[in-house]
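Visitor: No sequence on hand, only this structure:
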């Protein structure tokens, strides 16, 4: 096992990169549509609770493990205990699974940016027609992967950090502007109520409630990039003087704020124009272009919005690719450039099947799910929660709270005020919550 030699050049750069990993399509694309299909504000409340119980302790644990070991996700876990490298392996598998579907969505975003500038009609039916094509979606998906690969080959400080430090602040400014505009639309208040005022009357069975819990847990893992090695890998590039606890709180806070802003930007607009919030993964691609087309200056707003979504997608995709590339570099004699190209090529081939399964070859299915849906389900509902569960066990019982707290407090130089809460969450609350929700939901799916 060999330690990573690269490091972040500044604390701000690390925060922007780590927050950028969290603030991606999980916030702008997935959070609004999952909220729409999972009971609205009821889902939002449960999601925020899970951020506190799962998000903060697991994210902090991953950063601590990564900085302690200074290696890729698998080797970092193995350094904590030689037999526990498998906990990091979930991260490598999860990152690959996410990228298989993530890059498809990234390609859709690029296509919509181009259409916005060329004033091509993008009505509610356009997405279905476009995604059913064979060649063009794969072409734009390839461009998205090439951009991601190019950034990662630049390294940590000169590639990932510089790009994230520029894109993330621009992303926030764009999103706030769109949110303000959408909140002024007629009947937008109905979308705000759906998003912020819980309506428990929609939950008519235990199965409905477990479905919301399962989705909320999966969204926390997907949005914060938990259980897929990203934070372990990013933590491995941290200098020893970084305040891990403070960085964790900042990252989770930024991610939550962006998720809330995204919901307030998209759902009020959907309600204002009479669309259904339960549209699913095509929500922003089917409904928002139609919304923008009815707005004054809608072409400009549409272009700005999808550029914003592309920025968000890239800050996350580079972190996902970095997890795999870091591991490949440590296990082979390949340079970063060759490793990035090799990994990207494999992801491209897999993503082609995911893209084709959405429309062109709908018979490519696993059970009732398309291959695209399966990759998403497999990664954020199966692999990531399992990875998070084993990170909890590794940190709380194998490494031990005392050793974890020593790393988090910089050998006692910093106050770790939430040590007791961290210990309770990582040893008991988080693993028990993951286990109960995971097992219950899998049983309900099988039945």
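Guide: Looks like it arrived, so ask away. The structure displayed is predicted, hence computed values, not measured ones. Numbers count the residues shown, from 1 in each chain.

Visitor: Next, work out how far apart residue 231 and residue 247 are.
Guide: 10 Å (C-beta to C-beta, to the nearest Å). To be clear about C-beta, it is placed using only N, CA and C from the backbone, and glycine gets the same treatment.

Visitor: Who has more neighbours out of those two?
Guide: Taking neighbours as other C-beta atoms under 10 Å, residue 231 and residue 247 compare with residue 231 leading, 31 against 21.

Visitor: Now the more buried one: closest residue in space, sequence neighbours ignored.
Guide: Excluding its sequence neighbours, the residue lying closest to residue 231 (C-beta to C-beta, 6 or more residues apart in numbering) is residue 62, at 3.8 Å.

Visitor: Name the SS class of the one you found, please.
Guide: helix (DSSP: H, G, I helix; E, B strand; the rest coil).

Visitor: which residues touch residue 141?
Guide: 103-104, 106-107, 348, 351-352, 355 (C-beta atoms under 8 Å, 6 or more residues apart in numbering).

Visitor: Could I get the average pLDDT for the helix or strand where residue 307 lies?
Guide: Element membership of residue 307, judged by DSSP states H and E, is helix 298-331. Taken as a whole, helix 298-331 has an average pLDDT of 83.

Visitor: Which is the succeeding secondary structure element to it?
Guide: helix 336-358.

Visitor: List the buried residues for that following helix?
Guide: Buried residues in helix 336-358, counted by 16 or more other C-beta atoms under 10 Å: 336, 339-341, 343-344, 347-348, 350-358.

Visitor: In three-state terms, label the most centrally placed residue in the chain for me.
Guide: Centroid-nearest residue in the chain, with C-alpha atoms, centre = their mean: residue 223, separated by 3.5 Å. What three-state DSSP gives for residue 223 is helix.

Visitor: Are there helices or strands packed against the helix or strand where residue 34 lies, and which ones?
Guide: According to DSSP H and E, residue 34 maps onto helix 31-37. Applying 3 or more C-beta pairs under 8 Å, 6 or more residues apart in numbering; DSSP states H and E, one finds that helix 31-37 contacts helix 41-50, helix 206-224, helix 244-272, helix 283-286.

Visitor: Mean confidence (pLDDT) on the longest one, please.
Guide: Right, helix 244-272. Averaged across helix 244-272, the pLDDT comes to 87.

Visitor: Show me which residues of that helix are buried.
Guide: 244-245, 247-248, 251-252, 254-256, 258-272.

Visitor: Same question for stretch 417-435.
Guide: 418-419, 422-427, 429-431, 433-434.

Visitor: from memory residue 181 sits against residue 301, does it?
Guide: Yes: proximity of residue 181 to residue 301 meets the contact threshold set by C-beta atoms under 8 Å, at 7.0 Å.

Visitor: which residues do these two both contact?
Guide: residue 295.

Visitor: Those two - which one has more neighbours?
Guide: Taking neighbours as other C-beta under 10 Å, residue 181 and residue 301 compare with residue 301 leading, 20 against 17.

Visitor: do you know how far that one is from residue 350?
Guide: Counting by C-beta to C-beta, the gap from residue 301 to residue 350 is 34 Å.

Visitor: before we move on, what about residue 264?
Guide: 35 Å.

Visitor: again with residue 112
Guide: Relative to residue 350, and taking C-beta to C-beta, residue 112 is found at 23 Å.

Visitor: wouldn't the residue nearest to residue 231 be in contact with residue 391 here?
Guide: Yes: using C-beta under 8 Å, residue 62 is in contact with residue 391, at 6.1 Å.

Visitor: got the buried residues for the one helix or strand residue 116 maps to?
Guide: Counting by DSSP H and E, the secondary-structure element that holds residue 116 is helix 85-118. If you call a residue buried by 16+ other C-beta under 10 Å, then helix 85-118 has these buried ones: 85, 87-113, 115-116.

Visitor: Helix or strand next in line after it, which one?
Guide: Downstream of helix 85-118, the first helix or strand assigned by DSSP H and E is helix 126-131.

Visitor: Tell me how far the following helix or strand past that next one lies from the chain's centre.
Guide: The first helix or strand that comes after helix 126-131 along the chain, using DSSP H and E, is helix 135-153. Put simply, helix 135-153 sits 18 Å off its chain's centre (C-alpha atoms, centre = their mean, to the nearest Å).

Visitor: Report the buried residues of helix 135-153.
Guide: Neighbour-count burial for helix 135-153 [16+ other C-beta under 10 Å]: 137-138, 140-142, 144-145, 147-149, 151-153.

Visitor: Test my guess that residue 364 contacts residue 352.
Guide: No: using C-beta under 8 Å, residue 364 makes no contact with residue 352, being 10.5 Å away.

Visitor: What's the separation between residue 334 and residue 342?
Guide: 7 Å.

Visitor: Quickly list what's touching both of these two.
Guide: residue 328.

Visitor: From the structure, what's the count of residues near the residue nearest to residue 285 when sequence neighbours are not counted?
Guide: Spatial nearest neighbour of residue 285, excluding adjacent residues (C-beta to C-beta, 6+ apart): residue 127 at 4.2 Å. Neighbours of residue 127 under the rule other C-beta under 10 Å: 24.
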